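> Model the following, please.
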Amino acid sequence: MGRRVTPGPPAEEVEGAGGVRGEDAFDVAALDRWLRAAAPAPDAAALGDGLPEVRQFSGGASNLTYLLRYPERDLILRRPPPGAKAASAHDLAREFHVQQALRPAFPYVPRVLALNHGEPGPLGGDCYVMERIEGTILRARVPPELGLDAPAARRLCESVVDRLVDLHAVDPAAAGLADLGRGAGYVGRQVEGWSARYRAARTPRAPSFERVMRWLAAHQPDDVATCVIHNDYRFDNVVLAPEDPQRIVGILDWEMATLGDPLMDLGGALAYWVEAGDDRVMQSLRRQPTHLPGMLTRAEVVARYADKTGRPIDDWAFYEVFGLFRLAVIAQQIYRRYHLGETRNPAFKRYWIAVRYLDWRARRALRGRATRGERAARRASAGSGPTHS
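Numbering: from 1, shown residues only. Coordinates of the predicted model:
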């Protein structure tokens, strides 16, 4: 039996990589033998001699992510939790093939090296290895040494929006991804699916969200397009160049990528976008530095996206409300696990408060839309009224 990885001190050079949890340990020698045989020959040769040092990233609930620190290079290992089936959220073969197909058209995708699928393999199930993109990932607090002043923050923010525009411009058929999604009707499927998930995850403290769900069902627009969408586009999935924190060198976490409506992707991204003028509760939910001086507001992001794509956005309210609702469902699903005792992570204890707040915020967006609509109707009525000579 090969050496099994055991918990150890964190790898100081890579943020978030620490000791491996006991239940997530595996046979490092078996993985190393498989990787050297399965990876392209130049990549296998570049590993150097010896086994890798293995560390585990703390984030992520659906799949496990490890750092493989070889003498000459760092790689990333992805695998499902022990006992998980390969379907649904744990479909690593799909995740591998999406990145493999997309990278030639969108070079910010990590390069994948080797996949084990459908065989026991070195870890007893599916897994894959990809390159680690070296760089900085911004989270709630920006390291002061980055020197991200207001002009630099604005340029970075514009780059983040522009890379999403680039992704949405990829031709799915040319990239070999024409069968990634289910085609037209994406908006309707998302409204129906996320509504069903919320009702299934609701707990006693959770709001009903029925008003929001009814409104979404009644006001859903047709798909504006069908393109490759990321489905979890956030600052903490963007890698910045080590020497230039305004330049994006990688975009991570393609687990939920699919073919869908680009404005739904933008709406989902902006649900996480907390700006400086938001209230204290919204500020407490912030997980990325979009509040800093120079960062674009949500309205400015929408305007830049519309300008860069040439796609008019006549009624943003639907996508705003859907993004808030989708985020609430995600939070409620996590809180339900805590409520049922399936996890005791104290960070999840008050997620129900966030869910109630997001319900209030979504309903406020509905009221604002109705008020704007009433004003527009009054203006139209006044303009079409009788004239007197």
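
> Which stretches in the stretch 51-200 of the chain count as helices?
With DSSP state H, counting those that start in this stretch as the criterion, the stretch 51-200 of the chain has helices at 92-102, 150-168, 186-201.

> The shortest one vs helix 150-168, what angle?
Comparing the axes of helix 92-102 and helix 150-168 via axes from the mean of the first three to the mean of the last three CA atoms, to 10 degrees yields an angle of 100 degrees.

> same for helix 92-102, what does it pack against?
Judged by 3 or more CB pairs under 8 Å, 6 or more residues apart in numbering; DSSP states H and E, helix 92-102 is in contact with strand 74-79, strand 112-116, strand 127-131. Every C-beta, even on glycine, is put in place using the N, C-alpha and C of the backbone.

> Just put the helices of the stretch 51-200 of the chain in JSON lines and tack on mean neighbour count and distance to residue 117.
As requested, those are arranged in JSON lines below (neighbours: other CB atoms under 10 Å; distance: least, CB to CB, whole Å):
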{"stretch": "helix 92-102", "mean neighbour count": "20", "distance to residue 117": "4"}
{"stretch": "helix 150-168", "mean neighbour count": "18", "distance to residue 117": "25"}
{"stretch": "helix 186-201", "mean neighbour count": "17", "distance to residue 117": "26"}
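
> Including distance to residue 298 and mean pLDDT, could those go into a markdown table?
A markdown table is the format used below for the helices of the stretch 51-200 of the chain (distance: least, CB to CB, whole Å; pLDDT from 0 to 100):
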| stretch | distance to residue 298 | mean pLDDT |
| --- | --- | --- |
| helix 92-102 | 27 | 96 |
| helix 150-168 | 11 | 97 |
| helix 186-201 | 20 | 98 |
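
> burial measure for residue 333, as a count.
Using other CB atoms under 10 Å, residue 333 is surrounded by 16 other residues.

> what do you get for residue 367?
Residues lying near residue 367 (other CB under 10 Å) number 9.

> on that earlier part again, mind checking the helices and strands packed on helix 92-102 for the one nearest to residue 284?
Distance to residue 284, taken as CB to CB, is lowest for strand 74-79 among the helices and strands packed on helix 92-102, at 31.1 Å.

> Now do that closest one and helix 92-102, the angle between them.
Using the same axes, to 10 degrees: strand 74-79 against helix 92-102 is 140 degrees.

> quick revisit: adding distance to residue 325, mean pLDDT and mean neighbour count as columns, could you present the helices and strands packed on helix 92-102 in a markdown table?
Shown next, in a markdown table, are those (distance: least, CB to CB, whole Å; pLDDT from 0 to 100; neighbours: other CB atoms under 10 Å):
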| stretch | distance to residue 325 | mean pLDDT | mean neighbour count |
| --- | --- | --- | --- |
| strand 74-79 | 29 | 96 | 22 |
| strand 112-116 | 33 | 97 | 21 |
| strand 127-131 | 32 | 97 | 22 |
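
> Pipe these into TSV and attach distance to residue 153 per row.
As requested, those are exported to TSV (distance: least, CB to CB, whole Å):
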stretch	distance to residue 153
strand 74-79	28
strand 112-116	32
strand 127-131	28
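
> thinking again about what came up before, could you dump the helices of the stretch 51-200 of the chain to JSON lines with distance to residue 216?
Below are the helices of the stretch 51-200 of the chain laid out as JSON lines (distance: least, CB to CB, whole Å):
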{"stretch": "helix 92-102", "distance to residue 216": "27"}
{"stretch": "helix 150-168", "distance to residue 216": "22"}
{"stretch": "helix 186-201", "distance to residue 216": "5"}
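
> To residue 297, which of those lies closest?
helix 150-168 (9.7 Å).

> and the closest one, what does it pack onto?
strand 227-229, strand 238-241, strand 244-251, helix 262-270, helix 298-309.

> contacting residues around it?
106, 108, 148, 225, 227-230, 233, 235, 238, 240, 245-248, 251, 262, 265-266, 269, 289-290, 292-296, 301, 304-305, 308-309 (CB atoms under 8 Å, 6 or more residues apart in numbering).

> are any of those residues buried, and which?
Neighbour counting by 16 or more other CB atoms under 10 Å classes 106, 108, 148, 227-230, 233, 235, 238, 240, 245-246, 248, 251, 262, 265-266, 269, 289-290, 292, 295-296, 301, 304-305, 308-309 among those as buried.

> can you list the weak-confidence ranges in the protein?
Counting by pLDDT under 70, the chain shows low-confidence ranges at 1-13, 59-61, 83-90, 370-389.

> tell me the centre residue of it?
Nearest to the mean C-alpha position of the chain, counting by CA atoms, centre = their mean, stands residue 232 at 1.9 Å.

> That one contacts residue 258, doesn't it?
No: judged on CB atoms under 8 Å, residue 232 makes no contact with residue 258 at a distance of 10.9 Å.

> picking that back up, to residue 351, which of the helices and strands packed on helix 92-102 lies closest?
Comparing the helices and strands packed on helix 92-102 by CB to CB, strand 74-79 comes nearest, at 25.7 Å.
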